[in-house]
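**Student:** have a look at this fold, sequence not included:
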């Protein structure tokens, strides 16, 4: 009788150990996702009116944030045009978002240049610039890659990450909307974070 | 709602009509044929523009687009966009754009484009812009490009 009970206890312990090991093994062998908390953070930049604009200004509403530059002949106008179309498709829900364009070319993208350039797009888009150091710190926080590349003479272009980043109401990173995403995919992601 | 539908349809026809009814005729020089050249509208505050087309090499030997000029801008260069790891890059093709024998190369948004650097004035939708291209063998081809909004180069004022 005791032997049988012992055996049962041993068998159950072995089974439990296997279950725990399998669960733990799964945790170990599936690669961990990049923690969302690693993307984003505090920043201090300047808006198109020359006023200070920080990450605190984002808190309270979900944010679409994109890093680009106004001398970009192709990608940035296309992305901003898509963002303008998303806002139109969202209707009144668009007013529940922050929409931010951060320049990675603060040398040429002054507040006045941002005002002029962004006048082509939805007026709710906030343009941000700042010192080279402030822009670099912001890009670093958002894990955004950018690099100045000389062209002919004094001209240059800037390689840069091309995704639009979606943040929640507390300015925490949710997911990227990749350049190749369709408008339908973008709108679905935005609506998810709006809670619809 | 009906009015909006009508305007959307009218807008679509207005965009499509030039492409079908008044398509820019092909231009040729030597063994090079230029199909469907067009430029996208520029925006205030954006000093550079872009032009696109399909270049066909009908000959047996490789050809190269070396560069060009336009009265509409200070400088013309041929550029390539490429995406790797989510990062978009743009580079001038210092050696020009190679057109393989009996081949065709498409310049389109997201890929190759003719960059119009230092625009002297805005490129407005509906206008035309003169662009001269210089080929290694074929020499010069003069083009008269329509400035247009196209779906793969979306404009903020276009319905989507």
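**Tutor:** That came through, no problem. Please read all numbers here as calculations on a predicted model, not as lab measurements.
**Student:** my guess is residue B:54 meets residue B:35, correct?
**Tutor:** Yes - contact criterion Cβ atoms under 8 Å: residue B:54 and residue B:35 qualify, at 4.1 Å. No exception for glycine: its C-beta is placed from N, CA and C like everyone else's.
**Student:** can you tell me the element residue A:134 falls in?
**Tutor:** Using DSSP states H and E, residue A:134 sits in helix A:132-141.
**Student:** could you say what helices and strands that helix packs with?
**Tutor:** If you count contacts as 3 or more Cβ pairs under 8 Å, 6 or more residues apart in numbering or on different chains; DSSP states H and E, helix A:132-141 packs onto strand A:44-46, strand A:98-103.
**Student:** what residues of whichever helix or strand comes after it count as buried?
**Tutor:** Later in the chain than helix A:132-141, the nearest helix or strand by DSSP H and E is strand A:146-150. Residues of strand A:146-150 classed as buried: residue A:146 (neighbour count, 16 or more other Cβ atoms under 10 Å in any protein chain shown).
**Student:** mind checking the SS state of the spatially most central residue of chain B?
**Tutor:** For chain B, the residue nearest the mean C-alpha position is residue B:52 (1.7 Å; Cα atoms, centre = their mean). Using DSSP: H, G, I helix; E, B strand; the rest coil, the structure places residue B:52 in strand.
**Student:** which residue sits closest to it, ignoring its sequence neighbours?
**Tutor:** Distances taken as Cβ to Cβ, 6 or more residues apart in numbering or on different chains place residue B:107 nearest to residue B:52, at 4.6 Å, with adjacent residues excluded.
**Student:** how much space between that neighbour and chain A?
**Tutor:** 11 Å (Cβ to the nearest Cβ, to the nearest Å).
**Student:** show me where chain B has strands.
**Tutor:** All strands of chain B, identified by DSSP state E, fall at B:27-29, B:32-39, B:49-57, B:63-69, B:73-84, B:87-92, B:97-99, B:103-107, B:112-119, B:128-135, B:139-146.
**Student:** same list (those) but as TSV, adding mean pLDDT.
**Tutor:** Formatted as TSV, these follow (pLDDT from 0 to 100):
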stretch	mean pLDDT
strand B:27-29	91
strand B:32-39	96
strand B:49-57	96
strand B:63-69	97
strand B:73-84	93
strand B:87-92	92
strand B:97-99	97
strand B:103-107	96
strand B:112-119	94
strand B:128-135	97
strand B:139-146	96
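**Student:** JSON lines for those strands, including distance to residue A:136?
**Tutor:** Shown next, in JSON lines, are those (distance: least, Cβ to Cβ, whole Å):
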{"stretch": "strand B:27-29", "distance to residue A:136": "46"}
{"stretch": "strand B:32-39", "distance to residue A:136": "34"}
{"stretch": "strand B:49-57", "distance to residue A:136": "28"}
{"stretch": "strand B:63-69", "distance to residue A:136": "34"}
{"stretch": "strand B:73-84", "distance to residue A:136": "22"}
{"stretch": "strand B:87-92", "distance to residue A:136": "16"}
{"stretch": "strand B:97-99", "distance to residue A:136": "34"}
{"stretch": "strand B:103-107", "distance to residue A:136": "34"}
{"stretch": "strand B:112-119", "distance to residue A:136": "26"}
{"stretch": "strand B:128-135", "distance to residue A:136": "37"}
{"stretch": "strand B:139-146", "distance to residue A:136": "39"}
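**Student:** any weak-confidence spans in chain A?
**Tutor:** A:1-3, A:19-37, A:196 (pLDDT under 70).
**Student:** where exactly do the strands run in it?
**Tutor:** A:44-46, A:52-54, A:63-68, A:98-103, A:125-128, A:146-150, A:156-161, A:164-167, A:173-177.
**Student:** and residue B:86, which of these is closest to it?
**Tutor:** strand A:156-161 (5.4 Å; Cβ to Cβ).
**Student:** for that closest one, packing partners?
**Tutor:** strand A:63-68, strand A:146-150, strand B:87-92.
**Student:** any chance of those in CSV, plus distance to residue B:68?
**Tutor:** Below are the helices and strands packed on strand A:156-161 laid out as CSV (distance: least, Cβ to Cβ, whole Å):
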stretch, distance to residue B:68
strand A:63-68, 27
strand A:146-150, 21
strand B:87-92, 13
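**Student:** deepest of those, which one?
**Tutor:** With neighbours defined as mean count of other Cβ atoms under 10 Å in any protein chain shown, these peak in mean count at strand A:63-68, which reaches a mean of 24.
**Student:** got the contact list for that one?
**Tutor:** A:75-76, A:79-80, A:83, A:86, A:97-104, A:139, A:142, A:144, A:146, A:160-161, A:163-167, A:171, A:177, A:190 (Cβ atoms under 8 Å, 6 or more residues apart in numbering or on different chains).
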